[in-house]
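Novice: sequence and predicted model, in that order:
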Amino acid sequence: MERYKKLSDYQAPKPKGQVGTDIDAWCTRCKRMLTHTVLAKTEGRTVRVVCNTCSSEHKYYPEPPGSRRTTSKRKTGSRSSGSKKIPAAARVFEDAIRDKDMSKPAAYHPNTTFEIDQAIIHGKFGLGIVTEVKPRGRIVVSFEDAVRVMVHARG
Ligand SMILES: [Zn+2]
């Protein structure tokens, strides 16, 4: 009787993101993409989730904040015109690199010791500039998309 399909074959696939099911979402506490459980939906849209890792309840974010597909590296000094708002991090970055020599950035490595106002190039984050040197081997680096605290001088 192999020619008869099993009943399960006729059932519509379970819609993804139903209340109570798992969904990949940005955790506002863990600050990373993690599996969450859907808590609430509005008009078919997931609105509230609970993190399976830290159990914090928060709004549903399908992706990390600021992860829009604007990977094109803008030349320093270019000004985006029109209605698009410049992200705060980009503004901080532009201010930070003003009057600075960014032509010879040092490759970022945790073992390297960096100085304030030093231009660095990071494999993932791109061009950045050291805006602050903190105690215990930490530096604050302003990148175009975000300001990050990085380790240095581990060598
Ligand atoms: Zn979490």
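Specialist: Looks like it arrived, so ask away.
Novice: need phi/psi at the closest residue to residue 137 other than its chain neighbours.
Specialist: Nearest non-adjacent residue to residue 137, counting by C-beta to C-beta, 6 or more residues apart in numbering: residue 153, 4.8 Å away. No exception for glycine: its C-beta is placed from N, CA and C like everyone else's. With angles defined as degrees, to the nearest 10, residue 153 sits at phi 60, psi 40.
Novice: list the residues that contact residue 153.
Specialist: 111-114, 137 (C-beta atoms under 8 Å, 6 or more residues apart in numbering).
Novice: so it versus residue 125, what's the distance?
Specialist: 19 Å (C-beta to C-beta, to the nearest Å).
Novice: for residue 142, same thing?
Specialist: 10 Å.
Novice: neighbour count: the two, which is higher?
Specialist: residue 142 (23 against 16; other C-beta atoms under 10 Å).
Novice: hang on, the more buried one packs against residue 127?
Specialist: No: using C-beta atoms under 8 Å as the test, residue 142 is too far from residue 127 to be in contact (9.8 Å).
Novice: need the residues of the protein near the ion, please.
Specialist: Residues of the chain lying close to the ion by C-beta under 5 Å from the ion are 27, 29-30, 51, 53-54.
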